[in-house]
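> Okay, sequence plus prediction incoming.
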Amino acid sequence: MRRLFRKILHIVWKRDDVVISGYYGYGSLGDEAVLEQITASLWEKIPDCRIGVLAARRERIAKGENIHRIGRTNPFAVLWALLRCRLFISGGGSLLQDTTSRRSLLYYTTVIRLARSLGARVFIYANGIGPLADCKRAEVALRCAHTISVRDPDSFYAVLAMGIESEKVSLSADPIFLLPSPFPKELSFPWGRKYFVVSLRTCCNGEIEENIVVNTCKKLKETGLEAVFASMQDSFDRDLCNRVCRGCGGIMAEKMSPAAFAELLSGAQFVISMRLHCILMAALSGTPAVALSYDCKIDSAMEYLEETTTLDAFFFTEEMLLEACRKASDRGAAGRARLCGRAQALSCMAQKDANMAAGLLSAAGTEESATGWEAVAGVKL
């Protein structure tokens, strides 16, 4: 009966082939870049693939003929989308965690379980898992997935510790590593000198010592380096970045596209960052990062990149930060090339997720053809 109902829906109403869920539509440059790479990789494999994105705000997701927003807080819109899709992707970011909010975990796990119960194939796509206080809820959702990929070893072991079958779990990398390089030249740097990039954010679990960052940036400026501050999500970052920027006499970068931001990072001597995707995008061009870690995902990412310049975001001194910056700055061409090579290896791992998503969609089309449903356009069955 459920298959017959879905068949009728697919005949009467035009459907999405894929529905993607994540932290989209909130103005986060990193998450929107992840969405761009997931959708681009799907279209590369299946050019006519129609994609719906569960997102908060329409104007903050990519626009195109084959992509549209679904209001993530509208239960009827979400249900309607899941009823008509072939493949559901819970993709990009640390979605299965409950440190920022227990409601977040409840939302993402509920949507995963609902998608599976309505007959869609479910792909947990390059997720970061944890920290989790409620492991049972996450475990139930993970068991609903046909395939699970995680973006770092810590998440991989966390999934296995829940008792999930190892055959359907794979270690991958963040989709941000699919960003094409070399990056297009969209920027001109008016300051005309060497610079480093600073990316800070406010957190619910502590406050960074702004004066320490201000004093460190002042001392770095005395060595001939310009401090360029970048906000990756204005609601969390811009006020803090503006205060520190004014305090040290730095430059506040304008809002920019992911490609332009990656270009900015590629020209920097190093970055000081609390933002995960700033660290990962810097690694694409071999730019070393001093990570100010406020969450285990930062530690995991730095370990995965085989980087050692990580400080606790809430417990560091000016001397510690200056020493970490010196260490990053002294990496030289060989060190930058090694980091770039590591990022390239992770890019190859991330590409496997794109292939896996296309394979799952193709398999869903095969199943539907066998029951009299029309296969998705562009998929070779």
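Perfect, I can see it now. Fair warning: this is a prediction, and the values are worked out from it, not measured in the lab.
> after the helix or strand of the chain with the lowest mean pLDDT, next one along is what?
Least confident helix or strand of the chain, by mean pLDDT, DSSP states H and E, is helix 2-12 with a mean of 51. Proceeding N to C from helix 2-12, the next assigned helix or strand is strand 18-21, under DSSP states H and E.
> So which bits of that following strand are buried?
Within strand 18-21, the residues scored as buried using 16 or more other CB atoms under 10 Å are 18-21. Where C-beta positions appear, they are placed from N, C-alpha and C, glycine not excepted.
> Repeat that for stretch 45-62.
With burial defined by 16+ other CB under 10 Å, the residues of stretch 45-62 counted as buried are 45-46, 49-55, 60-61.
> What average pLDDT does it get?
Averaged over stretch 45-62, pLDDT sits at 80.
> One more: stretch 335-354?
Stretch 335-354 comes out at a mean pLDDT of 93.
> thinking again about what came up before, okay, and which of the buried residues of stretch 45-62 map to helices?
K45 (DSSP state H).
> okay, the buried residues of stretch 45-62 in a markdown table with distance to E32 next?
A markdown table is the format used below for the buried residues of stretch 45-62 (distance: CB to CB, whole Å):
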| residue | distance to E32 |
| --- | --- |
| K45 | 21 |
| I46 | 22 |
| C49 | 19 |
| R50 | 20 |
| I51 | 14 |
| G52 | 16 |
| V53 | 10 |
| L54 | 14 |
| A55 | 10 |
| R60 | 7 |
| I61 | 7 |
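> one step back: nearest to A262 among the buried residues of strand 18-21?
Closest approach to A262 among those (CB to CB): I20, at 21.7 Å.
> to the chain's geometric centre, what's the distance from the longest helix along the chain?
Ranked by residue count under DSSP H, the longest helix found in the chain is helix 332-370. Counting by CA atoms, centre = their mean, to the nearest Å, helix 332-370 is centred 14 Å from the centre of its parent chain.
> for it, which positions count as buried?
Those would be 336, 339-340, 342-343, 346-347, 349-351, 353-354, 356-358, 360-365, 368, for helix 332-370 by 16+ other CB under 10 Å.
> Which elements pack onto that helix?
Contacts defined by 3 or more CB pairs under 8 Å, 6 or more residues apart in numbering; DSSP states H and E place helix 332-370 against helix 29-45, strand 87-96, strand 121-129, strand 147-150, strand 169-171, helix 276-284.
> relative to helix 276-284, how tilted is that helix?
Angle, helix 332-370 to helix 276-284, by axes from the mean of the first three to the mean of the last three CA atoms, to 10 degrees: 110 degrees.
> tilt between helix 332-370 and helix 29-45?
50 degrees.
> Tell me how far the residue nearest to N205 when sequence neighbours are not counted lies from G206.
Distances taken as CB to CB, 6 or more residues apart in numbering place Y294 nearest to N205, at 6.7 Å, with adjacent residues excluded. Relative to G206, Y294 is positioned 7 Å away (CB to CB, to the nearest Å).
> of these two, who's got more company?
Y294 (20 against 12; other CB atoms under 10 Å).
> dump the residue contacts of that one.
Y294 makes contacts with 201, 203, 205-206, 208, 274, 313-314, as judged by CB atoms under 8 Å, 6 or more residues apart in numbering.
> Check F123 too.
By CB under 8 Å, 6+ apart, the neighbours of F123 are 87-91, 145-149, 356-357, 360.
> returning to what we had before: can you put the buried residues of strand 18-21 in a markdown table and add pLDDT and distance to N74?
As requested, the buried residues of strand 18-21 are exported to a markdown table (pLDDT from 0 to 100; distance: CB to CB, whole Å):
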| residue | pLDDT | distance to N74 |
| --- | --- | --- |
| V18 | 95 | 19 |
| V19 | 96 | 13 |
| I20 | 96 | 16 |
| S21 | 96 | 13 |
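> Tell me where the model's unsure across the stretch 151-300 of the chain.
182-192 (pLDDT under 70).
> ok, which stretches of it are helices?
Assigned by DSSP state H, counting those that start in this stretch, the helices in the stretch 151-300 of the chain fall at 153-161, 210-222, 234-248, 258-266, 276-284, 296-304.
> Which stretch among those helices is buried most, on average?
helix 276-284 (a mean of 27; mean count of other CB atoms under 10 Å).
> Can you name every helix or strand that that helix contacts?
Helix 276-284 packs on helix 29-45, strand 195-199, helix 258-266, strand 271-273, strand 289-293, helix 296-304, helix 332-370, going by 3+ CB pairs under 8 Å, 6+ apart.
> need the ones you listed in a markdown table with distance to L114, can you?
As requested, the helices and strands packed on helix 276-284 are arranged in a markdown table below (distance: least, CB to CB, whole Å):
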| stretch | distance to L114 |
| --- | --- |
| helix 29-45 | 20 |
| strand 195-199 | 35 |
| helix 258-266 | 30 |
| strand 271-273 | 36 |
| strand 289-293 | 34 |
| helix 296-304 | 26 |
| helix 332-370 | 17 |
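> I212: which of the ones you listed is closest?
Proximity to I212 (CB to CB) singles out strand 289-293 among the helices and strands packed on helix 276-284, at 10.2 Å.
> list the helices and strands the closest one packs on?
Judged by 3+ CB pairs under 8 Å, 6+ apart, the packing partners of strand 289-293 are strand 271-273, helix 276-284, helix 296-304, strand 310-312, helix 318-329.
> In contact with G359, which residues are there?
Per CB under 8 Å, 6+ apart, neighbours of G359: none.
> what pLDDT does it get?
Note on G359: pLDDT of 86.
> again, but for L132
pLDDT, read off for L132, is 88.
> Dump the helices of the stretch 151-300 of the chain into a markdown table; add distance to V78 as well.
Listed next are the helices of the stretch 151-300 of the chain as a markdown table, based on distance: least, CB to CB, whole Å:
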| stretch | distance to V78 |
| --- | --- |
| helix 153-161 | 25 |
| helix 210-222 | 40 |
| helix 234-248 | 23 |
| helix 258-266 | 26 |
| helix 276-284 | 26 |
| helix 296-304 | 26 |
